[in-house]
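>>> could you look at this predicted model? Sequence included:
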Amino acid sequence: MQREEEERRLFEERAARLRAEMEEAARLELDRIEKEKTEQLEAKEQERRGIEVTELSALEEKFLTALQWKADLRASAKWSHYMACDGSPDPTVPQEINTFMSLWQEDKKNSIQHVMEKGSRVLELIRKLQFAILDAPYEELTSEDVARYQDTIQKLQALLHQKYNDATEQMLKQASSYAESESGNMEVVIKDKNVTLCVWANLKKNSKFRNQTFRDEERNPINRFELPKPLAICDVAVRILHTHYDHLSPLESFPREPPKLPLPDYGLPLTVTAEVKEAVEEDKVAAKSMLDLQNPSMLIVKPPMSPISSKDMKDPMLDEVPPEVYEKKSMIIRSASRAQFCALYFPEISEMAPLEAYAVDLHQFLPVGGVYHFDALKLPPQAKHARGWTMVEVLDTGLETYPYAALCEESEDASQYFVGLTVRLLDDVIFFEEPLIARWDPKGNFWRTDAIGDVVYDMTDKEVSFKMSNFSTVALMQEAHLNMPYQSWELRPHGPDQAVLIVVTTFAEVQIQIQKNQCMLISVSTMEDADLLGNLRGIWMPPLALTIALKQAGMNIFPAEHSSKYVSLNRKTLDMELICYQQMALVASAFAFGWSKWNWHCGEDQIVFKAQEQLDQVADQDKWALYMFNGQRAQKLKITENSKTFSKNIAEGSEFHSTLFHLLKDTASEAAMESVQGAHYLFTDSVYQLLLATRVLTYS
């Protein structure tokens, strides 16, 4: 029995060994066949690489046409402003904006209605300067121009706040005329789309007075404060100036030079047919004219050379490689704006200075919903009526803050001097989590979180209550990267020159419609609410304007320069990522793209996504196919989204191509290719801007 058992064991071992050898031989044979197939397809792709790259270059002319259109639009806007002669200044012209500020500084008309009306114009001038900085090509606006624009922005912000102080002083001088019949104290609430001003003046000096609730015209509560008992009998006024914008946080800094990005090595030598050469000759004039529009000092990125022998260097086919291909690609990359470059990750400019204690990191947190200026002010002398005369003591001291900090320091029990504030959140902003409350440090010029306590969040009624040791300017902060990384994304055609970008985050699903050079927020929906940000939905605006508006509303799906420090991103080679966004934008009128889980598994030098042809507004979930692209070679993958393991094997019946455009062209219908060729250049550029702003390939 032992002998039989041993023989059976040896037989099973031999059988297993033979089976393993056969399986290994079969695997090696499959690998050999796959390798031979791959080599044949690579050789075939190499032969037509020059033709495909040059054909794609002709299609990429749309980006340069869009660049020229935007340059013409800026020039036309300047000329239209000059011809209008309506008295409004051009904020980019120092003489005009300085004259505007000087005249308003000397203007003694400081009624709150006049200041609010003039303030709307100032905010518009600030927005124009911000767009001039962010939207213009990097090479078009020098770092000196940026510094000058930002200096003008700071002067306009300071002047606007000074005017609100002047208007508040004028109101307080007439506080008795605003007295309420019930309390006898001054209670004023004035609102517009940019500012909510709440002013209370202690005219009766009732020692039992403890708090004041401000209400709007519909009697809905807006803000509320609790006054410390020692101030209840003092000549004091309290102002809550809620600016729906943030003019305190430091302005964004930019690198003086744009990053130098390498172009892909398409492989040399290239074979160019007579037909392609004729098309290239037609493109030379347009390419040269576009080059002349740029700064003469603009660097042209040279194509990296492949290692070739001296014999190959004499190959006459080398002379037929059109340099316009590389010049055009260099221009597309380097003509990006500061807003686009700030969305990219550059390790050499990502170092941050250490923060002080309790300081808020504005790369990690964003103020949402504006700023609340909570001030205790000295009440000016009030008018007195006697024998038909009105007498008032006139003081030329301006608006003075009440010396409240000194009282707190002299007191043994500082807790009795704590002030309470309750603010109501704006309806047109989103807080996905309880906000961080920060107060402004005017000496250090930063936001800090200390000296704030007893915080109570009532997110149902959208109210936040807290106490502070002093009257301070406060803001509500939200984590800037709450919605990153994204859970998934899709880009779908939505009619001629239209598309919809869908980004699904942990908290919400965002849908943005693109139509030529305009974008529109379709919806921001969560599990609890599908009707968020109604003030932004349905409004067409440029891509950059929409990104700014969404960030200010608390819906941030746009990575910034330092975002990689706070988000676990799926890092990819940068130039490959940019090229992929460009080629996706070129075919976005007829092809849908979407997120793939395999993009996490393919490495840093490859990108995997799903795609399908789509000529109507509904994507077929059964027609998705997986594609892999590294900037120089595109292929359709054999695996599906439901496969158990990742494999780079090419799908049966497909071939390698140098561009994503030609890979999709293999199986595309004639109608789809007509849609791609006929897509408007502004639509292509807008899709590219949104893809670059969201960076869905690395932040998903």
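Structure's in. What do you need? Note that the coordinates shown come from a computational prediction; the quantities given were computed from them, not determined experimentally.
>>> what sits against Ser589?
By CB atoms under 8 Å, 6 or more residues apart in numbering, Ser589 lies in contact with Pro493, Pro496, Asp497, Ala499, Ser675, Val676, Gly678, Ala679, Phe683, Thr684. The way it works is simple: take the backbone N, C-alpha and C, and place the C-beta from them, glycine included.
>>> tell me the least confident of these?
Lowest in pLDDT among the contacts of Ser589 is Pro496, which has 88.
>>> which secondary structure state does that one sit in?
Counting by DSSP: H, G, I helix; E, B strand; the rest coil, the backbone at Pro496 sits in coil.
>>> kindly report the same for Arg32.
helix.
>>> how close does it get to Lys648?
16 Å (CB to CB, to the nearest Å).
>>> again with Leu41
Distance of Leu41 to Lys648, computed by CB to CB: 13 Å.
>>> likewise Ile153?
50 Å.
>>> more neighbours: these two, which one.
A direct count of neighbours by other CB atoms under 10 Å for Ile153 and Lys648 places Ile153 higher, at 20 against 15.
>>> Leu129 is in contact with that one, correct?
Yes: the criterion here is CB atoms under 8 Å, and Ile153 meets it with Leu129 at 5.3 Å.
>>> about what we covered before: in helices, which of the contacts of Ser589 fall?
Ser675, Val676, Gly678, Phe683, Thr684 (DSSP state H).
>>> buried subset of those as a ChimeraX selection?
Command for ChimeraX that selects the buried part of the ones in helices among the contacts of Ser589, burial taken from 16 or more other CB atoms under 10 Å:
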select :675,676,683,684
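>>> quick check, nearest of the ones in helices among the contacts of Ser589 to Lys193?
Lys193 lies nearest to Phe683 out of those, by CB to CB, at 31.2 Å.
>>> sorry, back to before: out of the contacts of Ser589, which two sit at the greatest distance?
Longest span within the contacts of Ser589, CB to CB: Ala499 and Gly678, 14.5 Å.
>>> low-confidence stretches in the protein?
259-326, 334, 345-353, 405-415 (pLDDT under 70).
>>> redo that, cut-off 80
Applying pLDDT under 80 to the chain flags the ranges 27-41, 45, 181, 254-336, 341-355, 382-388, 390-398, 404-417, 528-531, 616-621.
>>> what helix or strand does Leu156 sit in?
In the assignment (DSSP states H and E), Leu156 maps to helix 143-173.
>>> kindly report the same for Thr547.
Per DSSP H and E, Thr547 falls inside helix 543-552.
>>> for the top strand by length along the chain, output the C-alpha coordinates as PDB.
Using DSSP state E to define each element, the chain has its longest strand at strand 365-378. Output in PDB follows, covering the C-alpha atoms of strand 365-378 (Å, rounded to 0.1, in the frame of the first residue of the first chain):
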ATOM      1  CA  PHE A 365      -9.300  76.400   2.700                       C
ATOM      2  CA  LEU A 366     -11.400  78.900   0.800                       C
ATOM      3  CA  PRO A 367     -13.600  81.700   2.200                       C
ATOM      4  CA  VAL A 368     -17.100  81.000   1.000                       C
ATOM      5  CA  GLY A 369     -20.000  83.400   1.300                       C
ATOM      6  CA  GLY A 370     -18.000  86.600   1.600                       C
ATOM      7  CA  VAL A 371     -16.700  88.500   4.700                       C
ATOM      8  CA  TYR A 372     -18.500  89.700   7.800                       C
ATOM      9  CA  HIS A 373     -17.000  93.000   9.100                       C
ATOM     10  CA  PHE A 374     -18.200  93.100  12.800                       C
ATOM     11  CA  ASP A 375     -17.200  96.400  14.300                       C
ATOM     12  CA  ALA A 376     -17.900  98.400  17.500                       C
ATOM     13  CA  LEU A 377     -17.900 102.100  16.600                       C
ATOM     14  CA  LYS A 378     -18.000 105.300  18.500                       C
END
